[in-house]
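In: Sequence and predicted structure, then a few things I'm wondering about:
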There are 2 protein chains.
Amino acid sequence: MSGASFNRLSALSHTLQKQFTSKRVSVGVIGSGNWGTAIAKICGENAEAHPELFHPQVHMWMYEENVEHLGETRKLTEIFNSTHENIKYLKGVQCPSNVYANPDIRDVGARSDVLIWVLPHQFVVRVCDQLKGHLKKDAVAISCIKGVSVSADRVRLFSDIIQERTGMYCGVLSGANIASEVAKEKFCETTIGYDPDNSVNPLYTPNTIRSVFNRPYFRVQVVKDVPGVALGGALKNIVAVAAGIIDGLELGDNTKSAIMRIGLAEMQKFGAMFFDCDRLTMSEESCGIADLITTCLGGRNRKCAVAFVKTGKPMHVLENELLNGQKLQGAATAKEVHEFLEHQNKVDEFPLFKAVYNIVFKNLPPNKLLEAI
Amino acid sequence: MSGASFNRLSALSHTLQKQFTSKRVSVGVIGSGNWGTAIAKICGENAEAHPELFHPQVHMWMYEENVEHLGETRKLTEIFNSTHENIKYLKGVQCPSNVYANPDIRDVGARSDVLIWVLPHQFVVRVCDQLKGHLKKDAVAISCIKGVSVSADRVRLFSDIIQERTGMYCGVLSGANIASEVAKEKFCETTIGYDPDNSVNPLYTPNTIRSVFNRPYFRVQVVKDVPGVALGGALKNIVAVAAGIIDGLELGDNTKSAIMRIGLAEMQKFGAMFFDCDRLTMSEESCGIADLITTCLGGRNRKCAVAFVKTGKPMHVLENELLNGQKLQGAATAKEVHEFLEHQNKVDEFPLFKAVYNIVFKNLPPNKLLEAI
């Protein structure tokens, strides 16, 4: 081959490689709690597994803090980047070495084509404001934030808040997923609500989004119904309180499964009435029925409700005793949803939600639950 | 009033009363095991509660046998008709006094407008033959018989067998119902598959059929999808074996709820492929999702599958040890369904059903379940 030919070929190869490289999707994660770290671990594994699709490095924003480690005070990011373990929030789990803990949130935002939000909901608005103007054009977001934001006159999805405040299209991930079990690679499923018709970037098909998250132990289904995915993870907590009341009354598995079925129907009705959700998102996807089952079998809402029936102590006392002061999502959601439904004049169309509210907050005896529904 | 007027009025009243009486529906029950007796109790309560709809007495066919009672040998029917308790099969539960234990099966058949079948499936064909020609014209049947009859080339509903052999239209009742809990009036729900378009008798609307069974503690939904109701109660047992395998492997609630969701999807697929069932019967009704939940939480299929994983003993040995020789429905159904699917060349479209079969009968290690699905 002549020198000129070689140079032309080399230049062509460089161009091709640049095109190849520039098309690869950069994945970033905002948040590094236990669920954030577990998600970053998954994304890192997939970046390794699909080099043709993804940029090799996954940046995870980690709020910088000093921690004691092997007798020294060190920065958490430094420890993570040398040990690949989040020793504070997901101890004992090794992340792949291509996950990089980055303390600069704007840098993570600026690098990412797919930006995953996994942080406590109370920080969402502040982080949106920090990131605004520091994001890639046409990047998309996926919210893994549990729950919805409910006020008396409005139920808002965190994905909508992110979308409005940053301009990024935002899908939702939710399912029967406990962070510590996912981190240990125990098999489970999840659902992503992602509507390609509304996403601004046609490059990021549902298949691309699926490939960011799907692992042999973490099976992903993508549906178009974004609000259905978000609502399932919030409303299930009310039903879990009802299931816990039934367990506390020791009424048996038939009664419990009936309550779960009736609760699921109210979740579907709520979704259809206020968000035009697809009923099948609740009854057939991981974010609906599977998450509901998990929560009603072993979650803390169920546990507190059992104690509530057996001890007669108020729920806020049990929160302190049993949850180390963590808030009980089920009780809080029951209250917020009740206030919203009152404002909509629809309380009586959701008798199970209403009964849970009245039992937890208005001294309705727990054994009146069945009469009420 | 003159004597003539009085006589005319009396005659008119008599005629009216006769019309009123003749329109009332006679309910009969074939079978008096624990579920049969619990169902007869429900029907007796409803006959009392709705005298405008139902004939006051409910005849329950009871196979005549002698039992020891208070130091004497007596007939079981006589004891029931004096004490209103089925001391052999549902001890400790009081039936209303309008339930009459009748040892003459043809007499029960000849009296009944709505004839409820609650007997072990192996007796169905024989009883059909005994009753043929001794049934009311235009009477309808409801089958409470669990399961379906599966051979290599065919899956048959017991309701279809009853319909073909007796000529009666036959609906199906199935749900998350354990006889002893229903008898104690613990709240649960059930589903009746009853298609008024196919029933020969327009008098017996879905509402009438609902009123035969519905109680404050036993809530009935009527759907048109008869095969869906029957299949749910059979196929759930295969899924419960899978759920028990997950429990035996101690993989946690997320994995278990994922398996239940995947199993439910295979139940829907099976129903749609071979019976044109409505998918919502499985995912939203008591006979589907609620029965599946109950069975996967506490049933004996789950229990044996846990022991199967933990001990490595073959399933038929565990049946003897844990179930006093009762057959394990889940294992039997997995085998029958597998043979049927093989004959249809569809085994691979049902990976969870296939994996359960291979684990229980073909030495596939239980920990291969997740890889297989």
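Out: The structure has been received and is ready for your questions. Numbers count the residues shown, from 1 in each chain, chains lettered A, B, ... in the order given.

In: What are the phi and psi values at the most centrally placed residue in chain A?
Out: Among the residues of chain A, the one closest to the centroid is residue A:144, at 2.7 Å (C-alpha atoms, centre = their mean). Phi and psi for residue A:144, reported as degrees, to the nearest 10, are phi -110, psi 20.

In: Of all residues in the stretch 1-150 of chain A, which one is closest to chain B?
Out: When scored by C-beta to the nearest C-beta, the stretch 1-150 of chain A has residue A:38 as its residue closest to chain B, at 12.1 Å. C-beta coordinates here come from the backbone N, C-alpha and C atoms, glycine included.

In: Please identify the nearest residue in space to that residue, excluding sequence neighbours.
Out: Spatial nearest neighbour of residue A:38, excluding adjacent residues (C-beta to C-beta, 6 or more residues apart in numbering or on different chains): residue A:183 at 4.2 Å.

In: Now do the contacts for that neighbour.
Out: Residues counted as contacts of residue A:183 (C-beta atoms under 8 Å, 6 or more residues apart in numbering or on different chains) are A:34, A:37-38, A:41, A:90, A:93.

In: Then residue A:215?
Out: Each residue near residue A:215 by C-beta under 8 Å, 6+ apart is listed here: A:42, A:45-46, A:185.

In: of all these, which two lie farthest apart?
Out: Greatest spatial distance among these (C-beta to C-beta): A:46 and A:185, at 13.5 Å.

In: More neighbours: the two, which one.
Out: residue A:46 (21 against 16; other C-beta atoms under 10 Å in any protein chain shown).

In: quick check, the more buried one in a helix?
Out: Yes: counting by DSSP: H, G, I helix; E, B strand; the rest coil, residue A:46 is located in a helix.

In: Now do the contacts for it.
Out: Residue A:46 makes contacts with A:27, A:54, A:211-215, as judged by C-beta under 8 Å, 6+ apart.

In: With distance to residue A:254, secondary structure and pLDDT as new columns, can those be given to me in JSON lines?
Out: Listed next are the contacts of residue A:46 as JSON lines, based on distance: C-beta to C-beta, whole Å; DSSP: H, G, I helix; E, B strand; the rest coil; pLDDT from 0 to 100:
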{"residue": "A:27", "distance to residue A:254": "45", "secondary structure": "strand", "pLDDT": "98"}
{"residue": "A:54", "distance to residue A:254": "48", "secondary structure": "strand", "pLDDT": "97"}
{"residue": "A:211", "distance to residue A:254": "42", "secondary structure": "helix", "pLDDT": "97"}
{"residue": "A:212", "distance to residue A:254": "41", "secondary structure": "helix", "pLDDT": "98"}
{"residue": "A:213", "distance to residue A:254": "36", "secondary structure": "helix", "pLDDT": "98"}
{"residue": "A:214", "distance to residue A:254": "36", "secondary structure": "coil", "pLDDT": "98"}
{"residue": "A:215", "distance to residue A:254": "36", "secondary structure": "strand", "pLDDT": "98"}
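
In: And chain A, split by domain according to the record?
Out: Per the record, chain A has its domains at A:14-224, A:232-372, by automatic domain parsing.

In: returning to that earlier point: for the residue of the stretch 1-150 of chain A closest to chain B, I want the exact helix or strand it lies within.
Out: Using DSSP states H and E, the element containing residue A:38 is helix A:34-49.

In: What strands line up against whichever helix or strand comes after that helix, and which way round?
Out: Under the assignment DSSP H and E, the closest C-terminal helix or strand after helix A:34-49 is strand A:58-61. Here strand A:58-61 is paired, per DSSP bridges, with strand A:27-30 (parallel), strand A:99-102 (parallel).
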